[in-house]
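**Student:** what's the 3D shape of this:
(chains A and B)
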Amino acid sequence: MPQAIPGFDLGEGLNRVGGDSQLYKQLLISFYQKNAHLQQELEKQIQQQNYSAATQLVHAVKGVSGNLSAKDLSAAAKQLELSLKQHPTPDLSSSIEQFSTALTVVLDALASITVDTQPPRHVKQENHPLNLLTITDAMKELSKLLDEFNMDAEESYQVLQQQLMQAEYKDTLISLENAINDLDFELAAKTLNELANTLKIKL
Amino acid sequence: MSITSTIQTVLIVDDEITNIKVLSSLLRDEHKILFATDGEGALKIARSKQPDLVLLDIMMPEMDGYEVSKHLKSDPVTAHIPVIFVTAKDQEQDEADGFKAGAIDFITKPFSPLIVKARVRNHLQLIGQRNTLRVLSNKLKAYHSRLDRELQTAKETQAFLLPGTKLLDSIRKNYHLNVHVHFEPCSELGGDYWGIKCLDAQRIAILIADFSGHGVNAALNTFRLHALLNDSFALADDPATFLEKLNARLSPLLPAGQYATVFFGIINHQKDMLYYSTAATPSPLIFMPGATEPMPCNGEGFPLGMFDDSRYEPRGQPFPPGASLLLYSDAVTEGKMTNGKRLGEPGLIDLLQNRIAEISGKQLLDNLIRQLNEQFVHPLADDLTVIYITREYDKDAT
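**Tutor:** Purely as a prediction, here's the structure:
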């Protein structure tokens, strides 16, 4: 984690996630991935005079950037959201420009972090024998948590991942981890079931 | 009162997973965190998992937070789950609308970790206390319900001890005695008791008892008395001896400080007499044929259960055809009236005089009870029993 990231108040942002720098970094990357093309999407909606959709986009950025402590971006989003709600009375151009500038600062800064990101832990590959009993327990627990949309699934996944270091499961585990990180638990549950079938484990 | 120790569940609903993760990171150490990224999912999880609290984003595509909250509040399965809206600081109107939609509080974005934690913790503590109260309340309701059922059964059983309509009809037909009774326990179970027994072709025995206190304890004593009476009526030739023997058998069974006032009498048709004995009862009233007011009789004597070897005085009064007898528990004369006074024996006689010849026994009793009800403070503080017995003129007499 860098000491400073342009556009972010790192101290405040980290504090907001209880000092969990790994989670904070994951959220920054997620923000980058989701909003890398936001500028174009926003311009398109405004050009098509679809102000409701544009407001939704900006509102989402306002909340998330506020929580990540991208303060200038959050403030610019707030102003642009207000202008969009009042449109066509005020001129949008200055609000859009201010927002674009702040967004560019944040996305440029996050681009370098994304590049620096280390591969996830599960790419470590070992070939010790499978402990099917432990794996079954871990998979059943994860399946239950996914089913109830329980955030503890993230930790439960780590337990399972520790038990499955073999190269042949690498791609499935990456898919599973990505789905859990994206909070797409339905996809994660499906992936987990496929993995269970491969291992001939009944969940 | 302790708060439930189980980990409480918070459902976070937000279409932005970053917001879910930030809130979750703050709360997951203390609470179980479930999440949904849209309204439909939120409703499904709320119904199936019954979270203790919902943190609900307002601005979501398709179904917004207001709508989700309204659905939650309109569904009996989820209506009790408190909702805290998560909103931006500048949206005051959002807050007003949110309260209308059933929210209990708001958390503003960007989240302040300490405030979020404290606010959620406080609400969950309140919810925990409320749930504990709800559990206790349900237990109490179940207890009351069970108690009501048991008391109802006991009440029916107690009513079963008392003479029924069939017996009274038979007495009217065979002994030309009209017996009218008003029996009104002041709680579910009463401490008053009465019985009537045909001794032979000429004699009818009647007993009225009033145990000290009322409610379950007094009611249990009526069961004791009833059990004893079943094989004591055989001893009923002489009312005084009967009371002495009954007292000797009942006294050891009554807990200390509990006793009964009792009237026991035998109406003898052959001799046109009422032979009786009393144990501290209110004065029995006899209405002689043609008289305009009743004649009070002596009700003195030690209550049953006070001393093991009490002696009772045998008494007798003429009781020809056309005569009537009024027996009553002390609630009639000692019951508190709305004017703050008690009716007393003179007051009771005042209520009864000049009416005797004009009306039937049933009318007399109904009128008396109506007047008592008008004058008494309700609910009654003691069990109220009144028995009115009229000896019909002998239709076969020449």
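**Student:** What about residue A:172, how many residues nearby?
**Tutor:** Neighbourhood size, residue A:172 [other C-beta atoms under 10 Å in any protein chain shown]: 15. Glycine gets a C-beta too; all of them are placed from N, C-alpha and C.
**Student:** Is it correct that it falls within a strand?
**Tutor:** No. Counting by DSSP: H, G, I helix; E, B strand; the rest coil, residue A:172 falls outside a strand, being helix.
**Student:** excluding its backbone neighbours, what's nearest residue B:198?
**Tutor:** Spatial nearest neighbour of residue B:198, chain neighbours left out: residue B:204 (5.8 Å); criterion: C-beta to C-beta, 6 or more residues apart in numbering or on different chains.
**Student:** Mind telling me what element that neighbour is part of?
**Tutor:** Counting by DSSP states H and E, the element that carries residue B:204 is strand B:203-211.
**Student:** Check which helix or strand residue A:188 maps to.
**Tutor:** Element membership for residue A:188 (DSSP H and E) is helix A:185-198.
**Student:** Run through the neighbouring helices and strands of that helix.
**Tutor:** Secondary structure elements in contact with helix A:185-198, counted by 3 or more C-beta pairs under 8 Å, 6 or more residues apart in numbering or on different chains; DSSP states H and E, are helix A:132-147, helix A:170-181.
**Student:** for residue B:365, what are its contacts?
**Tutor:** For residue B:365, the contacting residues are B:180-182, B:386, B:388, by C-beta atoms under 8 Å, 6 or more residues apart in numbering or on different chains.
**Student:** Residues of the stretch 51-200 of chain B that sit close to chain A?
**Tutor:** Taking C-beta under 8 Å from any C-beta of the partner chain as the criterion, the neighbours of chain A within the stretch 51-200 of chain B are B:57, B:59, B:61, B:88, B:90, B:109-111, B:113.
**Student:** close enough to count as contact, residue B:60 and residue B:39?
**Tutor:** Yes. With contact defined as C-beta atoms under 8 Å, residue B:60 reaches residue B:39; the gap is 6.2 Å.
**Student:** so what's in contact with these two at the same time?
**Tutor:** Residues touching both residue B:60 and residue B:39 by C-beta under 8 Å, 6+ apart: B:13, B:68.
**Student:** Run through the residues of chain A sitting next to chain B.
**Tutor:** Counting by C-beta under 8 Å from any C-beta, chain A sits next to chain B at A:15-18, A:20, A:23, A:26-27, A:30-31, A:56, A:59-60, A:62-64, A:66-69, A:74, A:78, A:82, A:148-152, A:182-183.
**Student:** Stretch B:266-285: end-to-end distance?
**Tutor:** End-to-end distance for stretch B:266-285, by C-alpha to C-alpha, to the nearest Å: 15 Å.
**Student:** starting at the chain centroid, how far to it?
**Tutor:** Per C-alpha atoms, centre = their mean, to the nearest Å, the displacement of stretch B:266-285 from the mean C-alpha position of its chain is 34 Å.
**Student:** thinking again about what came up before, out of the contacts of residue B:365, which comes closest to residue B:45?
**Tutor:** Residue B:45 has its nearest neighbour among those in residue B:182, at 61.3 Å by C-beta to C-beta.
**Student:** hang on, the closest one in a strand?
**Tutor:** Yes. Per three-state DSSP, residue B:182 lies within a strand segment.
**Student:** And for residue A:185, the neighbour number?
**Tutor:** Using other C-beta under 10 Å, residue A:185 has 23 other residues around it.
**Student:** ah, wrong one, I meant residue B:74
**Tutor:** Using other C-beta under 10 Å, residue B:74 has 10 other residues around it.
**Student:** One more: the one 10 residues further on?
**Tutor:** Residues lying near residue B:84 (other C-beta under 10 Å) number 20.
**Student:** Hmm, it is touching residue B:119, no?
**Tutor:** Yes. Using C-beta under 8 Å, residue B:84 makes contact with residue B:119 at a distance of 7.4 Å.
**Student:** what residues do these two have in common as contacts?
**Tutor:** Each of B:105, B:107 lies in contact with both residue B:84 and residue B:119 under the rule C-beta under 8 Å, 6+ apart.
**Student:** hang on, the earlier thing: and the residues of the stretch 51-200 of chain B next to chain A, which is closest to chain A?
**Tutor:** Nearest to chain A among these is residue B:110, at 3.5 Å by C-beta to the nearest C-beta.
**Student:** Just give me the residue right at the centre of chain A.
**Tutor:** When C-alpha atoms, centre = their mean is applied to chain A, the residue found nearest the centroid is residue A:30 (3.2 Å).
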